[in-house]
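**Q** need a structure here:
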Amino acid sequence: MNSDKKILIIEDDELMIKILTFILNKEGYQLSVIRDGLSAIEQLHTINPDMVITDLLLPYKSGLEVISFVKSNYKNKAIIALSALGEEEHSVSEAFKLGADDFIAKPFNPNELVLRVKRLLNH
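**A** Numbers count the residues shown, from 1 in each chain. The predicted structure follows:
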């Protein structure tokens, strides 16, 4: 199991939080959920996750600001950016420029999410 791996989910959509926690709990990951970018930045040090999965559109601080903060302060943390299909293409390329390791468009295939998470956490 993956019980030693911690993932921080930063997402403000309740349904998406339920989907992500259901999928990743089944895989045995330790999960923390934060619903806005500012709180995520403030609590990152305390939570100390191996991976951050962040939506790009968040209250208070955007997912892009979160990615930038994580990569500036914690180089070794894997980051997956989430965004609804049809949202700014520019935000996706910006997320990669800031250091996101992967991008998943919503809605996504649960198996694809699990594969991408495993790939990033095991490399």
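**Q** Okay, helices next: where are they in the protein?
**A** Counting by DSSP state H, the chain has helices at residues 14-26, 37-47, 63-73, 89-98, 110-122.
**Q** Now render those helices as a markdown table, adding distance to Ile79 and mean neighbour count.
**A** The C-beta positions use only the backbone N, C-alpha and C, and glycine is treated the same way. Converted to a markdown table, the helices of the chain look like this (distance: least, Cβ to Cβ, whole Å; neighbours: other Cβ atoms under 10 Å):
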| stretch | distance to Ile79 | mean neighbour count |
| --- | --- | --- |
| helix 14-26 | 14 | 15 |
| helix 37-47 | 11 | 16 |
| helix 63-73 | 6 | 20 |
| helix 89-98 | 8 | 15 |
| helix 110-122 | 8 | 15 |
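**Q** Next, the contact list for Ser39, please.
**A** Ser39 makes contact with Tyr60 under the criterion Cβ atoms under 8 Å, 6 or more residues apart in numbering.
**Q** and the gap between it and His90?
**A** Ser39 sits at a distance of 25 Å from His90 (criterion: Cβ to Cβ, to the nearest Å).
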